[in-house]
Structures are given as structure tokens and as C-alpha cells.
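Asks: Any chance you can model this:
(one chain, ligands or ions: 1)
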Amino acid sequence: MWASYHLSGYYYFEGGSAAISNALADRFANAGGILKLGTKATGIDIEADKATRVRTAAGGCLEARYVVSNASIPTTYLDLVGKEHLPAEVVAKVEAKKLAPSTTIVYLGVDFDYSDLFPSGSHEIILQPSYGRTKEDFDAMACTPEKQSFAITNYSAIDSTGAPAGKNAIALTINLTYDCFDDWGWTRSYSDFNEQKADIAWQFIERAEEVLPELSTHIEVLEVATPQTIEQYTQNPKGSWAGFDVDPSQGLMAFSDPEAHKTPISNLFLAGAWASDGGQSVVLGSGLIAAALVLVTEPSN
Ligand SMILES: Cc1cc2nc3c(=O)[nH]c(=O)nc-3n(C[C@H](O)[C@H](O)[C@H](O)COP(=O)(O)OP(=O)(O)OC[C@H]3O[C@@H](n4cnc5c(N)ncnc54)[C@H](O)[C@@H]3O)c2cc1C
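Replies: Below you'll find the model as predicted:
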């Protein structure tokens with residue numbers, strides 16, 4: 001993702017990133033494609049080393065000449081295809097890989113325009129208690145809300161579609177990962193979890209007041225997304241939105257590599273962050289690679 005910013009530049013989309021998904025969905029439907037939203041894939045049938053059908057949670061069964069999976073690689077290989085159809089070394093590699101961390105986000109709708117408090121031409125302020133960038137510094141911040149650096153993003157400073165005039169849509173993005181919530185036993189009950197989520201959110205709102213005065217008094221909407229929320233929406237293990245960890249021991253710069261989009265099943269391809277690294281522009285490129293692989297591969301029937 002970082003490399004793509006440097007190579008191609010970085011942009012926000014008017015209407016938020018969902019505007020891109022919606023535009024792609026419209027184009028797909030206009031070209032005759034059928035979208036089945038809210039339909040969970042539960043299995044990919046393998047016959048004679050080829051993917052032949054996709055099974056769905058509602059009991060659906062879709063015949064397929066090719067399958068492109070945008071689900072996580074652990075889900076695709078271990079749950080949808082099944083270990084028995086894959087070489088043991090591929091399964092071992094997938095099971096051993098470290099996942100990239102997830103994120104906690106506090107979404108705010110405020111009845112005040114803070115745009116002028118963001119440095120000229122900018123929409124983001126990062127509050128960082130220390131300049132330390134070593135592994136020890138990061139370890140000290142982990143699961144410690146008061147030591148965490150975090151980003152304050154005012155989408156309304158660059159996109160008027162997110163909030164009514166004079167109001168702002170702001171997000172606080174925090175590196176509290178999945179295991180923090182596990183460690184703190186926040187999965188005890190729904191009401192406990194909600195209360196503790198709110199508690200964490202208010203700690204960061206108060207810290208944000210250092211640069212956005214009286215933020216807490218202007219809040220009309222408050223939503224908190226934990227890594228568990230991201231896991232629920234994306235189905236990605238531990239809410240990892242960047243796929244496998246980007247770490248020299250696991251390989252860097254998988255993006256643009258067609259080999260990373262192939263699987264041991266010749267007509268099953270991968271697309272998205274798990275095949276190519278995370279980031280919106282990166283995964284769009286990954287979809288193009290998967291499509292190109294379909295075009296040059298013999299179908300299963
Ligand atoms: C809070 C946050 C902020 C981010 N900010 C940025 C940013 O500023 N810039 C940037 O470039 N990137 C950003 N990202 C990362 C970027 O959003 C992701 O890397 C990217 O969306 C991954 O795309 P994808 O297509 O691989 O997967 P996803 O967008 O996760 O899509 C996968 C889809 O598959 C569905 N799915 C999964 N399993 C199944 C199944 N079994 N059956 C049916 N459907 C299934 C999921 O529900 C989901 O809709 C951010 C991510 C988060 C969470």
C-alpha cells in the first residue's frame with residue numbers, strides 16, 4: 001500500500017471508498033453480471049483437480065468454469081477448498097503465516113466545522129506521543145491506549161458529501177489490534193463489550209481535544225469499530241485488512257505478481273489483499289491480474 005502511494009500517488013474518493021465499489025458493481029451489473037450480496041460462500045467443490053461449483057450458506061450451488069476467491073487465503077484454502085485437495089506444504093505454509101494487524105476506529109459526526117484547524121490543504125493530524133520507531137517503542141504502545149499514536153481524519157475537509165454543511169465526519173484510527181481486545185476479556189458479554197468500547201473511545205476523544213478543542217461537546221454521532229467488527233464484515237481472520245503480515249520473512253511486494261494469484265487448483269484464482277497485499281488501489285490491480293489469468297487459462301469444462 002505504501003509503495004503504491006509512492007509509485008502512483010494517493011487520492012480520496014468523493015463519497016468515500018464505497019463509491020468505487022458501487023461504481024464497479026453498477027458496471028458489472030450493466031455488463032450482465034449477477035451480484036448475490038449477503039450470500040456467504042461455504043465451499044468450493046473440487047473434482048479431478050478442478051474447481052467445479054461454489055456452495056453457499058443458503059444451500060445454493062453455482063456451477064463454475066473458473067472461480068476467483070476474494071475471501072482470505074486461510075478461508076479459501078482451509079475452509080472453502082479443504083486441506084485434502086491441497087499439497088501438504090501449501091497448507092503448512094498458510095497455517096504458519098503471521099497475519100497483518102487490524103485497527104480500531106472511532107467514527108464521529110460533529111456539529112462543528114473543524115476544517116480550519118487542520119494544517120493548510122490537509123485533512124489529517126497524527127498525534128504521536130513519542131518519536132520512537134523501534135520495535136521496543138511499538139511493543140510499549142501495544143494495548144496501551146494512553147501511549148498509542150493515532151490519526152485524526154476529517155473527511156469533511158476534503159469531501160462535502162459525508163456530513164451536512166457546517167458539520168464534520170471525523171474518524172480516529174488507532175492501532176489497538178485484535179489480541180488487545182482478547183487480552184482484556186472484552187468478549188465476555190455484549191453489554192460489557194459495548195461499555196468498554198465506549199470507554200476506550202472517550203479516552204481517544206479526550207486526547208483529540210488537544211488539537212480539536214471541545215470535541216466531546218460537539219458529538220452527534222459516535223460509532224466504534226473494533227478489529228472484531230472488521231472481522232465480522234470482511235470475514236478476515238482477526239480482522240486483518242491487509243492480509244498476511246508485510247514482513248521480510250514472509251515476502252514483500254507481492255503486488256503485481258501473477259504467481260501470487262494462482263493456486264494449486266488450475267482454474268481457481270485469488271484476488272484481493274491476501275494475494276497482493278492490502279490497500280484499495282493495490283487490490284483493484286489484483287482484480288485485474290485475476291481477470292487476466294482467467295482469460296489465458298483453459299476452462300474446466
Ligand atoms: C479502517 C480501515 C482503513 C483503511 N484505510 C485505507 C486507506 O486509507 N487506503 C487504502 O488504500 N486502504 C485502506 N484500508 C485497506 C483496504 O480497505 C483493504 O486492504 C481492502 O479493502 C482489501 O480489499 P479486498 O477486496 O482484498 O477485501 P475486502 O474489502 O475485505 O472484501 C472482501 C469481501 O469478501 C467478502 N467475503 C469474505 N469471505 C466471504 C465468503 N466466504 N463468502 C462471501 N463473501 C465473502 C467480505 O464480506 C468482503 O465484502 C483500510 C482498511 C480499514 C479496515
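Asks: Going by C-alpha atoms from here, please, whenever you check contacts or count neighbours.
Replies: Noted.
Asks: contacting residues for the residue of the stretch 101-250 of the chain found nearest the ligand?
Replies: Closest approach between the stretch 101-250 of the chain and the ligand, counting by C-alpha to the nearest ligand atom: Thr234, at 3.9 Å. Taking C-alpha atoms under 8 Å, 6 or more residues apart in numbering, we find Thr234 in contact with Trp241.
Asks: contacts for stretch 96-112?
Replies: 163, 166-178, 201, 215, 218-227, 230, 237-246, 250.
Asks: In strands, which of those fall?
Replies: Among these, the members found in strands (DSSP state E) are 168-174, 219-225.
Asks: ok, of the contacts of stretch 96-112, which come out buried?
Replies: Neighbour-count burial (16 or more other C-alpha atoms under 10 Å) applied to these gives 163, 167-178, 201, 215, 218-219, 224, 226-227, 230, 237-246.
Asks: of the residues you listed, list those near the ligand.
Replies: Contacts with the ligand within these, as defined by C-alpha under 6 Å from any ligand atom: 241-242.
Asks: just how off-centre is stretch 55-68 within its chain?
Replies: Centre-to-centre, stretch 55-68 and its host chain are 24 Å apart (C-alpha atoms, centre = their mean, to the nearest Å).
Asks: Can you get me the start-to-end distance on that stretch?
Replies: End-to-end distance for stretch 55-68, by C-alpha to C-alpha, to the nearest Å: 14 Å.
Asks: quick check: mean pLDDT across it?
Replies: Averaged over stretch 55-68, pLDDT sits at 96.
Asks: Likewise for stretch 72-86?
Replies: Per-residue scores along stretch 72-86 average to 97.
Asks: related to what we said a few turns ago, now the two most distant members of the ones in strands among the contacts of stretch 96-112.
Replies: Greatest spatial distance in the ones in strands among the contacts of stretch 96-112: Ile174 and Glu220, 20.7 Å, computed using C-alpha to C-alpha.
Asks: which ones are touching His123?
Replies: By C-alpha under 8 Å, 6+ apart, the neighbours of His123 are 115, 153-158.
Asks: Those residues of the protein touching the ligand, which are they?
Replies: For the chain, the residues in contact with the ligand (C-alpha under 6 Å from any ligand atom) are 1, 39-42, 70-71, 233-235, 241-242, 272-273, 278-281, 283.
Asks: The same query, at a cut-off of 5 Å, please.
Replies: By C-alpha under 5 Å from any ligand atom, the part of the chain that sits against the ligand consists of 40-41, 71, 234-235, 241-242, 272-273, 278-280.
Asks: Cross those residues against helices and list the overlap.
Replies: Of these, the ones assigned to helices by DSSP state H are 234, 273, 280.
Asks: Figure out how far stretch 22-40 is from the centre of its chain.
Replies: The chain centre lies 20 Å from the centre of stretch 22-40; the measure is C-alpha atoms, centre = their mean.
Asks: List buried residues within the residues of the chain next to the ligand.
Replies: Neighbour counting with 16+ other C-alpha under 10 Å marks 41, 71, 235, 241-242, 272-273, 278-280 as buried within those.
Asks: Could you single out the nearest of the residues you listed to Thr56?
Replies: Ala41 (4.4 Å).
Asks: thinking Phe244 is in contact with Gly272, fair?
Replies: No - between Phe244 and Gly272 there is no contact under C-alpha atoms under 8 Å: 11.4 Å.
Asks: Nearest spatial neighbour of Val68, chain-adjacent residues omitted?
Replies: Spatial nearest neighbour of Val68, chain neighbours left out: Phe269 (4.6 Å); criterion: C-alpha to C-alpha, 6 or more residues apart in numbering.
Asks: Residues contacting stretch 142-159, please?
Replies: 14-15, 114-115, 122-129, 140-141, 162-163, 167-177, 180, 200, 203-204, 208.
Asks: Go again with 7 Å.
Replies: Stretch 142-159 is contacted by residues 14, 115, 123-129, 141, 162-163, 168-174, 176, 180 when judged by C-alpha atoms under 7 Å, 6 or more residues apart in numbering.
Asks: cool, and stretch 202-215?
Replies: With contacts defined as C-alpha under 7 Å, 6+ apart, stretch 202-215 is touched by Ser216.
Asks: Quick check: buried residues in it?
Replies: For stretch 202-215, a neighbour-count test (16+ other C-alpha under 10 Å) marks 204-205, 208, 212, 215 as buried.
Asks: Equivalent analysis for stretch 284-296, please.
Replies: 284-287, 289-290, 293-294.
Asks: taking these one by one, which sit in helices?
Replies: 284-287, 289-290, 293-294.
Asks: With only the CA atoms kept, save stretch 204-218 in CSV.
Replies: Output of stretch 204-218 as CSV, limited to C-alpha atoms (Å, rounded to 0.1, in the frame of the first residue of the first chain):
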residue,chain,number,x,y,z
PHE,A,204,-9.2,9.0,22.5
ILE,A,205,-11.8,11.7,22.0
GLU,A,206,-10.3,13.5,25.1
ARG,A,207,-6.8,13.1,23.7
ALA,A,208,-8.0,14.5,20.4
GLU,A,209,-9.2,17.7,22.2
GLU,A,210,-5.5,18.7,22.4
VAL,A,211,-5.9,19.8,18.7
LEU,A,212,-9.7,19.9,18.3
PRO,A,213,-11.0,21.9,21.3
GLU,A,214,-14.3,20.8,22.9
LEU,A,215,-14.6,17.9,20.5
SER,A,216,-16.5,15.9,23.1
THR,A,217,-19.3,18.6,23.4
HIS,A,218,-19.9,18.6,19.6
